[in-house]
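>>> return atomic coordinates for the entry below.
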Amino acid sequence: MEPETLNLILRIVSAVMVLVIAYFLSKRARLSFEKSLSRFGTGFASKFAEIARYFIIFMGAAIAISILSLDVMAISIIGAVIFILVLVSMRDIFLNMAAELYLAIRRPFKENDWIRVGDVEGVVKSIGGIDTELITYDGDLVIIPNSFFLRHPVINKSQSIVRRIEFKLMMPRMDLDRVKETVQEVMKEIKPELLGDPELISIKETGDKVEVIMSLPIVNLRKLRWLSAKIVKAYHARGIDVEIE
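Prediction:
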C-alpha cells in the first residue's frame, strides 16, 4: 500500500474517531448540564444542555475536517453546510429561549390574568419554560409555544382600565325578596365574565314593574351586547321576563 493511501486511511479513521468521541461527549455534557442547571428550571436546563451538545458536535466536526486536510474550498463548503444545519436545527431552541427571557424580564402577564394573543383569548393557567396554557371562554385548554409571544402583540385585559357600567332591569312586579334573591343568583352566575364583583345598587317598585339597577365592572365595552343577552337568558331560565334599559 502506498504511503499516501495509508496516510489518507489513517486520517479518515482519526476523523471518524473524533466524530464518535464528540458525539458521546455531547451526550455526557447534555446530561451533566441538565443535572447541574435543573435548579434554574427544567425547561431552561434542557435548552442550555441542547445548545452545549450541538456546540460539541460542531467542534468535533471542525476538528475532523482539519484532520482530513482537505483543500480550503472543500473545508469551507463542509463547514458552511454544518453551520447552517446546526442553526436550522437549533432555531426553535433559540426562539423559545429568547421568548422565555422576554417573559421573565418584561412580565407582560402572570397566572390568572386575562389575556389575548393573536386569535386566542383566555385566562393564563400556567407559564412554563416552553409554553403557556390558557383557558378560553368555552373552557378549552389552549397550549401556546412561548415563541408565539415574540410574533404577536399581547393584550393584558386584567391590567386594562375597568369601567363600571350600570344596568337597569325592568321585570314584572313580584315579591321584592324573591327579586333580590334572583338578582344575587344571576350576578354570581355572570361574575366569571367580569373583572371584579358586580354590585346591586337598588331595587324598587315602579308602577306594575320592578326596577333593578346593577353595576358591572367591564373592560371590553363591545362585550356589553353579549353580556346583556346572557343576563336576559339567565332570568328567562328562572321564568322571569326582563327588559334591559
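>>> any idea how far residue 185 is from residue 175?
As judged by Cβ to Cβ, to the nearest Å, residue 185 and residue 175 stand 15 Å apart. For the C-beta atoms, the positions are set from N, CA and C on the backbone; glycine is no exception.
>>> checking the residue most central in space within the chain next. Helix, strand or coil?
In the chain, the centroid-proximal residue (Cα atoms, centre = their mean) is residue 132; its distance is 2.9 Å. Using DSSP: H, G, I helix; E, B strand; the rest coil, the structure places residue 132 in strand.
>>> so who does it touch?
The contact partners of residue 132, taken as Cβ atoms under 8 Å, 6 or more residues apart in numbering, are 103, 124, 126, 143, 144, 146, 149.
>>> compare residue 185 and residue 175 (neighbour count), which wins?
residue 185 (12 against 9; other Cβ atoms under 10 Å).
>>> in terms of helices and strands, where is that one?
helix 176-190 (DSSP states H and E).
>>> counting contacts, what elements does that helix pack onto?
Applying 3 or more Cβ pairs under 8 Å, 6 or more residues apart in numbering; DSSP states H and E, we find helix 176-190 packed against strand 199-206, strand 209-218, helix 224-236.
>>> and the angle for it with helix 224-236?
Counting by axes from the mean of the first three to the mean of the last three Cα atoms, to 10 degrees, helix 176-190 points 130 degrees away from the direction of helix 224-236.
>>> hang on, isn't residue 198 packed against residue 190?
Yes. In this structure, residue 198 is within contact of residue 190 by Cβ atoms under 8 Å, at 6.8 Å.
>>> let me know the average pLDDT across stretch 10-18.
The average pLDDT for stretch 10-18 rounds to 81.
>>> for that stretch, which residues meet the burial criterion?
11, 15, 18 (16 or more other Cβ atoms under 10 Å).
>>> mark which of the residues you listed are part of helices, please.
Here DSSP state H is the test, and these give 11, 15, 18 as lying in helices.
>>> against residue 99, how distant is the nearest residue to residue 111 once chain neighbours are set aside?
Distances taken as Cβ to Cβ, 6 or more residues apart in numbering place residue 124 nearest to residue 111, at 5.2 Å, with adjacent residues excluded. Distance from residue 124 to residue 99, counting by Cβ to Cβ: 15 Å.
>>> let's see the pLDDT reported for residue 134.
90.
>>> same check on residue 211?
pLDDT, residue 211: 90.
>>> and it, how many neighbours does it have?
Neighbourhood size, residue 211 [other Cβ under 10 Å]: 16.
>>> look up the closest residue to it, ignoring the ones flanking it.
Residue 211's closest residue in space is residue 204 (Cβ to Cβ, 6+ apart), at 5.4 Å.
>>> wait, the one you found touches residue 179, no?
No. The pair residue 204 / residue 179 is not scored as a contact, 9.9 Å apart, by Cβ under 8 Å.
>>> what touches both of the two?
Residues touching both residue 204 and residue 179 comprise residue 210, with contact defined as Cβ under 8 Å, 6+ apart.
>>> so for these two, which sits in the more crowded spot?
Between residue 204 and residue 179, residue 179 has the larger neighbour count (other Cβ under 10 Å), namely 21 against 11.
>>> for the protein, just list every one of the helices.
Using DSSP H, helices in the chain cover 3-36, 42-68, 72-89, 91-106, 148-151, 176-190, 224-236.
>>> highest average neighbour count across those?
Counting by mean count of other Cβ atoms under 10 Å, helix 42-68 has the highest mean neighbour count of the helices of the chain, with a mean of 18.
>>> work out the gap between that helix and the centre of the chain.
29 Å (Cα atoms, centre = their mean, to the nearest Å).
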